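Peer 1: build me a structure from this.
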Amino acid sequence: MAGSVDETRGTLSAQLLKGQKALVTGANSGIGLATAVALGRAGADVVVNYVVGADEAEKVVAQIKEFGVRSYAHQADVSDEDQVVAMVARMVEEFGTIDIMVANAGLQRDAPVTEMTHAQWKKVIDVNLTGQFLCAREAAKEFVRRGVVKEVSRSAGKIICMSSVHQIVPWSGHVNYASSKGGVGMLMQTLAQELAPKGIRVNAVAPGAIRTPINKDAWSTPEAEADLLRLIPYRRVGDPDDIANAVVAVASDLLDYVVGATLYVDGGMTLFPGFATGG
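Peer 2: Predicted coordinates for the structure are as follows:
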């Protein structure tokens, strides 16, 4: 049934995005991998972007193709303007257009502020914030050129920025990362305001604690997980599919009237759990 949920897998399995073309950055591991696969399961053709890890990217491509859709891997550093331009141009050449841009690629370079180098600051801002701007800009150009194709989607295109609970939650020892995600929030809202009159929907998905390689130290032992769960009212650490399902929903016409919103997928982490007993 269209729009249904596969109860055995807990994933959106229907052809919600049939015929659409999606690009996911940072798609060969973690949240990006799960998102790329979920988009393919939902009927989209998918470009799997990666910067390192070609073998892993090709495995993701093979998994996506099992759903009867097209996919290929493309190596590009999202912080490099020329590489982003070339990546989207190739997608338009191979798939004809782009309908969904998921700007997911991100990284951390953690240090106390007194020890953080300019290189650590710049690397995180360049990838996490500038990279999202470049990807959104190139996708928006194609959306504006093509316009709405009603047989495909009610919108001219969808840009989904991968943010974080640290869009609004300060994080000591991670000033570069938190600043990049705070910037993503305003980037998304400003793009949404500017592009909505052109029929383009821009939104953000903001994960909380998710079981991915980037934060393995926070959940890989029973002691670490117990400590982490104190910050999550729902009392479980999220899985990449929790984020992937949210992205599919936001990209689909089911949420066509959602514009300029951040969907926090965090088990309640942004509910200030420290105040649950009155502070």
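
Peer 1: can you give me the strands in the stretch 1-150 of the chain?
Peer 2: Under the criterion DSSP state E, counting those that start in this stretch, the stretch 1-150 of the chain carries strands at the ranges 5-6, 11-12, 21-24, 45-50, 71-75, 100-103.

Peer 1: closest to Pro240 out of the ones you listed?
Peer 2: strand 11-12 (10.6 Å; CB to CB). Placement of C-beta: from N, CA and C, glycine included.

Peer 1: so which of the strands of the stretch 1-150 of the chain comes closest to Ala192?
Peer 2: Nearest of these to Ala192, taken as CB to CB: strand 100-103 at 13.3 Å.

Peer 1: distance from the longest strand along the chain to the middle of the chain?
Peer 2: Using DSSP state E to define each element, the chain has its longest strand at strand 200-207. Here strand 200-207 is found 8 Å from its chain centre; the criterion is CA atoms, centre = their mean, to the nearest Å.

Peer 1: can you check stretch 165-176 too?
Peer 2: 18 Å.

Peer 1: where does the stretch 1-150 of the chain have low pLDDT?
Peer 2: Applying pLDDT under 70 to the stretch 1-150 of the chain flags the ranges 1-14.

Peer 1: surely Asp242 meets Val265?
Peer 2: Yes - at 5.6 Å, Asp242 counts as touching Val265 under the criterion of CB atoms under 8 Å.

Peer 1: which neighbours do those two have in common?
Peer 2: Here Asp242 and Val265 have Pro207 as joint contacts, going by CB atoms under 8 Å, 6 or more residues apart in numbering.

Peer 1: what's the local residue count around the residue lying closest to Gln75 once chain neighbours are set aside?
Peer 2: Using CB to CB, 6 or more residues apart in numbering and skipping the chain neighbours, the partner closest in space to Gln75 is Tyr50 (5.9 Å). Using other CB atoms under 10 Å as the criterion, Tyr50 is surrounded by 25 other residues.

Peer 1: just checking, Tyr50 touches Gly26?
Peer 2: Yes - using CB under 8 Å, Tyr50 makes contact with Gly26 at a distance of 7.0 Å.

Peer 1: what about the helices in the stretch 1-150 of the chain?
Peer 2: Along the stretch 1-150 of the chain, counting by DSSP state H, counting those that start in this stretch, helices occupy 30-41, 54-65, 81-95, 118-125, 131-146.

Peer 1: pick the most buried one from these.
Peer 2: With neighbours defined as mean count of other CB atoms under 10 Å, the helices of the stretch 1-150 of the chain peak in mean count at helix 30-41, which reaches a mean of 27.

Peer 1: by how many degrees do that helix and strand 45-50 diverge?
Peer 2: 160 degrees (axes from the mean of the first three to the mean of the last three CA atoms, to 10 degrees).

Peer 1: and helix 30-41, how far out from the chain middle?
Peer 2: 9 Å.

Peer 1: which strands or helices does it pack on?
Peer 2: The contact analysis (3 or more CB pairs under 8 Å, 6 or more residues apart in numbering; DSSP states H and E) places helix 30-41 against strand 11-12, strand 21-24, strand 45-50, helix 54-65, strand 100-103, helix 240-251.

Peer 1: wait, which of the ones you listed is closest to Thr221?
Peer 2: For Thr221, the closest of these is helix 240-251, at 19.7 Å, according to CB to CB.

Peer 1: CA-only coordinates of that closest one in CSV, if you can.
Peer 2: Extracted in CSV, the C-alpha atoms of helix 240-251 (Å, rounded to 0.1, in the frame of the first residue of the first chain):
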residue,chain,number,x,y,z
PRO,A,240,20.6,5.4,11.2
ASP,A,241,17.2,4.2,9.9
ASP,A,242,15.5,6.6,12.2
ILE,A,243,17.1,9.4,10.3
ALA,A,244,16.7,7.8,6.9
ASN,A,245,12.9,7.4,7.4
ALA,A,246,12.6,11.0,8.4
VAL,A,247,14.5,12.1,5.3
VAL,A,248,12.2,10.0,3.0
ALA,A,249,9.1,11.5,4.6
VAL,A,250,10.4,15.1,4.3
ALA,A,251,11.4,14.5,0.7
